[in-house]
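A.B. asks: my questions are about this predicted structure, shown below with the sequence.
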Amino acid sequence: MIVLESTTDSQTFEFIPREYEAAGTAIYNVSIFSETQNKEIYTQNTATFGSNDYYNTYSDVFTLVENNYYILTIKKNNDIIFKDKIFCTNEVVGDYWEQALSYWNLIEGVWQAGDNNYKAHQSDNEFIIYE
């Protein structure tokens, strides 16, 4: 899933197409279909994409509404070479690994996560095991 923002600035997304010709002989169509409005809201033809070592990039200004889903389709001569879902949000994503991770302390039996720590319930229950 591709995550984009509802902004008037240019945005870039990465993708790995099924096929790609770097020579620029083919025409590619990039379209975005709104699931909420049930219509195509973006369409653009291009001859090339930005490329990296293992994936391609595409940049443009997309008019998206926050908290909505879209379907991205990239075609080469009417053959679909890439299809994915887009979610539009203005929340910060991608900072997961920069935050301190919570963990389970096996020695103390305490879940360590912020101020609301869960402490294991202590009891003197006895169990009888039949063999």
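C.D. replies: That came in fine, so what should we check first?

A.B. asks: number of residues surrounding Lys76?
C.D. replies: Using other C-beta atoms under 10 Å, Lys76 is surrounded by 17 other residues. Yep, even glycine has a C-beta here, placed from its N, CA and C like the rest.

A.B. asks: likewise for the one 4 residues further on?
C.D. replies: When neighbours are counted by other C-beta under 10 Å, Ile80 registers 12.

A.B. asks: my read: it touches Ile74, true?
C.D. replies: Yes - judged on C-beta atoms under 8 Å, Ile80 makes contact with Ile74 at a distance of 7.4 Å.

A.B. asks: which non-adjacent residue is nearest Phe15?
C.D. replies: In this structure, Phe15 finds its nearest non-sequential neighbour in Phe82, 5.1 Å apart by C-beta to C-beta, 6 or more residues apart in numbering.

A.B. asks: do the same with Met1
C.D. replies: Among residues not flanking Met1 along the chain, Lys85 sits closest, at 5.1 Å (C-beta to C-beta, 6+ apart).

A.B. asks: tell me what that neighbour is bridged to.
C.D. replies: Beta-bridge pairing for Lys85 (DSSP bridges): Ile71.
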